[in-house]
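S.K.: one predicted model, sequence on top.
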Amino acid sequence: MTGWAAPPDADPDTGAGQDEPVRAEVRLRMKPNRAARGYVDGAWWPRSHDPAAEFPGLVLAMSSWVGPVRRMSYHLDDWDTTTRELIVEGWSVRLAGVPTLDANTVVVTGSNQTRRILLVVPPGTPGGAARAVLASAAAADTVASVEEILASNGVRLSRRDNRVEYRET
């Protein structure tokens with residue numbers, strides 16, 4: 001088999017109507033290397049709140065920016081419960097749930113201590129709004145906070161129940 005094709009009724013943004021491929025496309029956008037330093041270095045749009053399902057693909061994708069990933073820090077309220085270590089293609093990655101980390105962010109750290117902070121687009125965000133957040137966070141001149149980027153694209157997260165609310169802007 002040379003590739004994977006989604007069924008005709010599949011939705012590429014939500015994964016609805018398709019069997020999960022071995023490696024789903026990682027919905028990730030990064031700022032250019034010489035971009036303005038801001039709150040985030042890019043954005044990532046996972047399909048669920050399950051670290052075991054979502055983090056391996058991000059670890060592999062982020063190795064281009066930080067080298068072999070050794071640690072991922074995440075806000076505890078944004079994700080389901082998981083183990084403290086993840087093995088991805090032989091790499092041991094330490095997972096650290098941090099209650100004081102900004103909501104809707106993950107910090108990816110490589111073996112040489114290179115760090116990248118990513119805005120996490122809530123999984124239930126509608127496709128158009130999510131793609132707008134990815135583009136905004138990865139724009140070379142973006143220095144806005146996570147909350148400002150989400151709000152400017154009509155995405156507001158209710159922290160109490162982790163529910164995404166979308167409003168047209």
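M.R.: Sure, I can see it. Residues are numbered from 1 along each chain as shown.

S.K.: give me the number of residues near the residue nearest to residue 109 when sequence neighbours are not counted?
M.R.: Spatial nearest neighbour of residue 109, excluding adjacent residues (Cβ to Cβ, 6 or more residues apart in numbering): residue 71 at 4.2 Å. Yep, even glycine has a C-beta here, placed from its N, CA and C like the rest. A total of 17 residues lie near residue 71 under the criterion other Cβ atoms under 10 Å.

S.K.: packing partners for the host helix or strand of residue 43?
M.R.: According to DSSP states H and E, residue 43 maps onto strand 42-44. Judged by 3 or more Cβ pairs under 8 Å, 6 or more residues apart in numbering; DSSP states H and E, strand 42-44 is in contact with strand 28-30, strand 115-120, helix 127-138.

S.K.: now the last one - C-alpha only, CSV.
M.R.: Presented in CSV, the C-alpha positions along helix 127-138 are these (Å, rounded to 0.1, in the frame of the first residue of the first chain):
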residue,chain,number,x,y,z
GLY,A,127,-12.6,24.1,10.9
GLY,A,128,-12.7,27.7,9.5
ALA,A,129,-12.0,29.3,12.9
ALA,A,130,-9.3,26.7,13.8
ARG,A,131,-7.5,27.4,10.5
ALA,A,132,-7.7,31.2,11.1
VAL,A,133,-6.2,30.7,14.6
LEU,A,134,-3.4,28.5,13.1
ALA,A,135,-2.6,31.3,10.6
SER,A,136,-2.8,34.1,13.1
ALA,A,137,-0.5,32.4,15.6
ALA,A,138,2.0,31.5,12.9
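
S.K.: which elements pack onto it?
M.R.: Against helix 127-138 (3+ Cβ pairs under 8 Å, 6+ apart) you get strand 28-30, strand 42-44, strand 115-120, helix 146-152, strand 155-158.

S.K.: can you do 10 Å?
M.R.: strand 28-30, strand 42-44, strand 115-120, helix 146-152, strand 155-158, strand 163-166 (3 or more Cβ pairs under 10 Å, 6 or more residues apart in numbering; DSSP states H and E).

S.K.: so residue 137 touches residue 147, yeah?
M.R.: No: Residue 137 is not in contact with residue 147 according to Cβ atoms under 10 Å; the separation is 11.9 Å.
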